[in-house]
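Engineer: Just to be clear, the model below is a prediction. Sequence and coordinates:
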Amino acid sequence: MQSQKLHAPVFSFEFFPPKTDEGAAKLRLTRERLAALGPRFFSVTFGAGGSTRDRTFETVCEIQRESGIDAAPHLSCIGSTRENIRDILRQYQAEGIRHIVALRGDLPSGTMEAGEFRYANELVEFIRAETGDYFRIEVACYPEVHPQADNAEVDLANFKRKVEAGADAAITQYFFNADAYFRFVDACEQQQIDLPIVPGIMPILNYKQLARFSDACGAEIPRWLRKRLEAFADDRESLVDYGVDVISEMCRRLLDAGAPGLHFYAMNQAPVTERIWHRLGLGERPSRSARV
C-alpha cells in the first residue's frame, strides 16, 4: 500500500443517466445533497454499446453547468467507431469537460459487432492521440478479477496496458472484502504500476438487486454477508442499517491503510451514501499531501 499513500485522497460519486423527467428531478435533488459533501467529481455511466449516449451527455453537461462539481462522463468503446468517439470527445471539449472514465463496456444484447475498438487500452490510446493531456482519464480495475479474464495474471496485464496507454488513475469494481483490494494493490506494485487506485464502494440498499448486479459483474458477496442480508428478508430498514455498518467499517479500514479516496456507486440516491460519509467523518479527516 506504500504507493497509494503518496496520493492525496479523492472522493467521488457515480450516477446513471435518468430515463424519465421524474428520474431527472430526483437526480437533481440527489446531486445537490451530495455536492454539499464536496466531492472531487461526479461520474455518469454510459450504457452498453453507447445506448445511453444522449442521456449521458445531457446529464454530464447539466452537472458541469449547475453543480459546481466537475463532471466525468463514462465513455465505452465497444460498438463504437473512431469517428463517433472523436465526435463525443469534441462535444465534451466544447462543454469544458476535462475528465473521462474510459471503459471497454459491454455489447448490448443481440449485438455481434464489437466496433473499431476491442479493449479499453485502445480507447485510452485514442483519447491521448486525439486530445493529448486535455482529459484526466480514469480506467477500471478488478481486485477480484474481471469475470471474462482467464486468470488474475491476465487481468493484471490488461490493467497494466491501460496504465501504459496513458491512464491517470483507476477506480475499482466494488467489493466487500478489503483484503482483495490490498492484495491487488500489492500485485500492482510488484508490476511497477504506479497511479492512484481508488476503491469503488457500493452501498447496500436492496439485497436481491445487489446479488443480481454482483453475479453479473463478478463482485463477490462473501457467504457470511450474503446469509446475513438474506436473513433480513423484507425488513429493508434493518438491512440498510446493517449495510451502513458493514460498508463504513470496510471504508474506514481502506482509508486507514492508505487508500487514495473512495468512489461511491450512489445509485442516484443520497441518504445511505450520506450516512456512510458522516459515519466516516470524511469532512473532518486531515488530508494527506499529494506527491509532487
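Structural biologist: Looks like it came in fine.
Engineer: What is the burial count for D194?
Structural biologist: 14 (other C-beta atoms under 10 Å). For every residue, glycine as well, the C-beta is placed using N, CA and C.
Engineer: Wait, it touches H7, no?
Structural biologist: No. At 9.7 Å, D194 and H7 do not qualify as touching, with contact defined as C-beta atoms under 8 Å.
Engineer: Please put the alpha-carbon coordinates of stretch 37-47 into PDB.
Structural biologist: The C-alpha trace of stretch 37-47 is given here as PDB (Å, rounded to 0.1, in the frame of the first residue of the first chain):
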ATOM      1  CA  LEU A  37     -20.200  17.000   0.800                       C
ATOM      2  CA  GLY A  38     -17.500  18.500  -1.500                       C
ATOM      3  CA  PRO A  39     -16.600  15.500  -3.800                       C
ATOM      4  CA  ARG A  40     -13.800  16.000  -6.400                       C
ATOM      5  CA  PHE A  41     -16.200  14.800  -9.200                       C
ATOM      6  CA  PHE A  42     -19.400  13.200 -10.200                       C
ATOM      7  CA  SER A  43     -19.200  10.400 -12.900                       C
ATOM      8  CA  VAL A  44     -22.100   9.400 -15.200                       C
ATOM      9  CA  THR A  45     -22.400   6.000 -16.700                       C
ATOM     10  CA  PHE A  46     -22.700   5.100 -20.400                       C
ATOM     11  CA  GLY A  47     -24.900   2.300 -21.500                       C
END
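Engineer: for the record, mean pLDDT for it?
Structural biologist: Stretch 37-47 shows a mean pLDDT of 92.
Engineer: Give me the residues contacting it.
Structural biologist: With contacts defined as C-beta atoms under 8 Å, 6 or more residues apart in numbering, stretch 37-47 is touched by 10-17, 31, 34-35, 52-53, 56, 59-60, 63, 67, 69-76, 99, 101, 103, 105, 108, 138, 261, 263, 274, 277, 282-283.
Engineer: which among those residues end up buried?
Structural biologist: 10-17, 31, 34-35, 52-53, 56, 59-60, 63, 67, 69-76, 99, 101, 103, 105, 138, 261, 263, 274, 277, 282 (16 or more other C-beta atoms under 10 Å).
Engineer: Least confident secondary structure element in this protein?
Structural biologist: helix 53-66 (a mean of 91; mean pLDDT, DSSP states H and E).
Engineer: can you list the residues that contact whatever helix or strand comes next after that helix?
Structural biologist: Going down the chain from helix 53-66, the next helix or strand is strand 70-76, by DSSP states H and E. Residues from elsewhere that reach strand 70-76 (C-beta under 8 Å, 6+ apart): 12, 40-50, 56-57, 60-61, 63-64, 85, 88, 92, 97-106, 123, 127, 136, 138.
Engineer: Narrow those residues to those in helices?
Structural biologist: T56, F57, V60, C61, I63, Q64, I85, I88, Y92, L123, I127 (DSSP state H).
Engineer: The first one against P17, yeah?
Structural biologist: Yes. The criterion here is C-beta under 8 Å, and T56 meets it with P17 at 4.9 Å.
Engineer: Show me the shaky parts of this structure.
Structural biologist: 47-52, 107-114, 284-292 (pLDDT under 70).
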